[in-house]
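A.B. asks: Quick check, what structure comes out for this input:
(one chain, ligands or ions: 2)
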Amino acid sequence: MIVMEPEATEAQIAAVRARLETTGVHVLVLPGEMTTAIGAIGDPQGVRELGLEGMEGVDRVVPISRPYKLASSELAHHEPTVFAVDGHTIGAASTFALIAGPCTVESREQTLRVAEAVAPHAAMLRGGAFKPRTSPFSFKGLGRPALEILAEARERTGLPVVTELTDLQQADAVAEVADVIQIGARNMQNYALLEVAGKLGRPVLLKRGLSSTLEELLMAADYVLKEGNDEVVLCERGIRTFETATRFTLDLGAIPWLKLHTHLPVIVDPSHAAGDRRLVEALARGAAAVGADGIIVEVHDEPEQAMCDGPQQLRTRDFPRFATEVLAHAALVGRRPSTG
Ligand code: PEP
Ligand code: MN
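C.D. replies: Residues are numbered from 1 along each chain as shown. Ligands and ions are numbered 1, 2, ... in the order given. Model (predicted):
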């Protein structure tokens with residue numbers, strides 16, 4: 001990272017950029033409040049040999065030691081990334097984003113019922129149109145018709161929509177409807193998909209892989225960030241451990257660790273971690289307590305009939321109380337709901 005002097009001119013910044021580009025490294029200009037930093041990602045030896053310290057306007061050259069670069073808090077001068085989706089702030093220390101909705105869009109009626117039930121409390125609506133399933137014989141979502149249903153749900157409730165992209169071929173269709181594009185746990189290391197997601201002009205919600213380390217999660221985020229998309233939200237959703245009593249082991253320690261090492265917002269998915277609706281509220285309260293920027297939670301009006309993940313989906317009738325409890329815990333750590 002090249003830190004410019006506070007009084008460096010545009011021409012001096014451009015000159016540093018041009019010199020870096022001769023080596024083929026990835027260059028990113030990061031204007032800050034006081035100074036501009038220029039990220040140069042690639043061969044550190046090549047960058048060292050450029051003699052950048054001697055150039056006009058350059059204050060210092062700081063090597064970034066971590067394997068993840070753009071996601072690293074070192075690169076962002078430790079300033080958190082904060083952005084808004086339709087007026088709903090995410091990433092600010094003072095807000096908490098409650099994202100709720102069905103696991104899967106199963107029908108127009110089901111989706112609209114759930115959307116209307118969560119709307120008074122939630123910042124965003126979740127719902128899968130394309131579902132990545134462990135078995136190829138399971139229901140894979142309604143596909144494109146589900147996107148139209150989500151668009152209608154947004155129109156009726158005003159809630160921005162979070163929906164998953166599973167395949168390069170649907171990228172444009174998903175981007176047209178999604179306010180936030182979800183990359184699921186199973187695709188966290190689908191690098192071609194990450195690069196495409198980075199180009200769609202929508203914020204990306206990136207879920208941690210089932211057996212991925214936090215460093216791997218941040219390197220996956222780098223794939224999206226390097227396409228020029230800096231609106232990335234990370235999501236801890238439970239990992240594989242020796243424990244099988246819960247569906248996955250929710251790694252709550254990941255949240256404060258990520259807060260130290262990355263500038264990106266971090267949310268928690270208590271539903272997929274628990275696999276059992278009776279555990280979801282406790283995990284959601286825990287997420288708020290350890291400093292998450294929000295949660296993404298599954299809600300269904302008839303979970304017994306759900307085509308996917310029935311046991312972990314909260315009932316719509318229980319949602320208002322659930323939301324009140326979780327938001328009260330968020331309030332204890334100084335966060336108010338990020339409703340628009
Ligand atoms: C989901 O959120 O719908 C989902 C499939 O979650 P994950 O990718 O975390 O398994
Ligand atoms: Mn699900």
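A.B. asks: excluding its backbone neighbours, what's nearest residue 85?
C.D. replies: What sits nearest to residue 85 in space, not counting adjacent residues and going by Cβ to Cβ, 6 or more residues apart in numbering, is residue 160, at 4.9 Å. Heads up, the C-betas are built off the backbone N, CA and C, glycines and all.
A.B. asks: Would you enumerate the residues in contact with that neighbour?
C.D. replies: When contacts are counted by Cβ atoms under 8 Å, 6 or more residues apart in numbering, residue 160 touches 85, 86, 88, 123, 124, 125, 154, 179, 180.
A.B. asks: low pLDDT regions in the chain?
C.D. replies: 76-78, 340 (pLDDT under 70).
A.B. asks: Name whatever forms a beta bridge with the residue nearest the centre of it.
C.D. replies: In the chain, the centroid-proximal residue (Cα atoms, centre = their mean) is residue 233; its distance is 2.1 Å. Counting by DSSP bridges, residue 233 forms beta bridges with residue 205.
A.B. asks: OK, contacts around it?
C.D. replies: 90, 91, 180, 203, 204, 205, 206, 264, 265, 266, 267, 293 are the contacts of residue 233 under Cβ under 8 Å, 6+ apart.
A.B. asks: out of those, which one sits closest to ligand 2?
C.D. replies: residue 205 (13.6 Å; Cβ to the ion).
A.B. asks: distance of the closest one from residue 32?
C.D. replies: 26 Å (Cβ to Cβ, to the nearest Å).
A.B. asks: which one of those two has more residues nearby?
C.D. replies: More crowded of residue 205 and residue 32, by other Cβ atoms under 10 Å: residue 205, with 29 against 13.
A.B. asks: was I right about the more buried one contacting residue 184?
C.D. replies: No - because the distance of 9.3 Å does not satisfy Cβ atoms under 8 Å, residue 205 is recorded as not touching residue 184.
A.B. asks: Now render the contacts of residue 160 as JSON lines, adding secondary structure.
C.D. replies: Formatted as JSON lines, the contacts of residue 160 follow (DSSP: H, G, I helix; E, B strand; the rest coil):
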{"residue": "85", "secondary structure": "strand"}
{"residue": "86", "secondary structure": "coil"}
{"residue": "88", "secondary structure": "strand"}
{"residue": "123", "secondary structure": "coil"}
{"residue": "124", "secondary structure": "strand"}
{"residue": "125", "secondary structure": "strand"}
{"residue": "154", "secondary structure": "helix"}
{"residue": "179", "secondary structure": "coil"}
{"residue": "180", "secondary structure": "strand"}
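A.B. asks: of the residues you listed, closest to residue 67?
C.D. replies: Closest approach between the contacts of residue 160 and residue 67, by Cβ to Cβ: residue 180, at 26.3 Å.
A.B. asks: Show the backbone phi and psi for the closest residue to that closest one other than its chain neighbours.
C.D. replies: Excluding its sequence neighbours, the residue lying closest to residue 180 (Cβ to Cβ, 6+ apart) is residue 162, at 4.3 Å. Main-chain torsions, residue 162, degrees, to the nearest 10: phi -110, psi 120.
A.B. asks: Please name the residues that touch residue 162.
C.D. replies: Residue 162 neighbours (Cβ under 8 Å, 6+ apart): 99, 101, 124-127, 178-182, 205, 296.
A.B. asks: make it 6 Å
C.D. replies: 99, 124, 126, 180, 182, 205 (Cβ atoms under 6 Å, 6 or more residues apart in numbering).
A.B. asks: Quickly check the residues you listed for the two that are furthest apart.
C.D. replies: The widest separation within those, taken as Cβ to Cβ, falls between 124 and 182 and amounts to 10.7 Å.
A.B. asks: element containing residue 285?
C.D. replies: Using DSSP states H and E, residue 285 maps to helix 277-289.
A.B. asks: before we move on, the earlier item: list buried members of the contacts of residue 160 by neighbour count.
C.D. replies: Neighbour counting with 16 or more other Cβ atoms under 10 Å marks 85, 88, 123, 124, 125, 154, 179, 180 as buried within these.
A.B. asks: Now for the residue of the chain found nearest ligand 1, how many residues are close by?
C.D. replies: Closest approach of the chain to ligand 1 (Cβ to the nearest ligand atom) occurs at residue 184, with a separation of 3.0 Å. Neighbouring residues of residue 184 were enumerated by other Cβ under 10 Å; the total is 22.
A.B. asks: Would you check how far apart the residue located most distally from the centre of the chain and residue 97 are?
C.D. replies: Using Cα atoms, centre = their mean, the residue of the chain lying farthest from its centre is residue 54. It sits 38.9 Å away. Separation of residue 54 from residue 97 (Cβ to Cβ) stands at 46 Å.
A.B. asks: Got phi/psi on the residue nearest to residue 85?
C.D. replies: Torsion angles, degrees, to the nearest 10, at residue 160: phi -60, psi 150.
A.B. asks: OK, contacts around the residue of the stretch 51-200 of the chain found nearest ligand 2?
C.D. replies: Proximity of the stretch 51-200 of the chain to ligand 2 (Cβ to the ion) peaks at residue 103, 3.3 Å away. By Cβ under 6 Å, 6+ apart, residue 103 lies in contact with 298, 308, 309.
A.B. asks: where does the stretch 201-340 of the chain come near ligand 2, residue by residue?
C.D. replies: residue 309 (Cβ under 5 Å from the ion).
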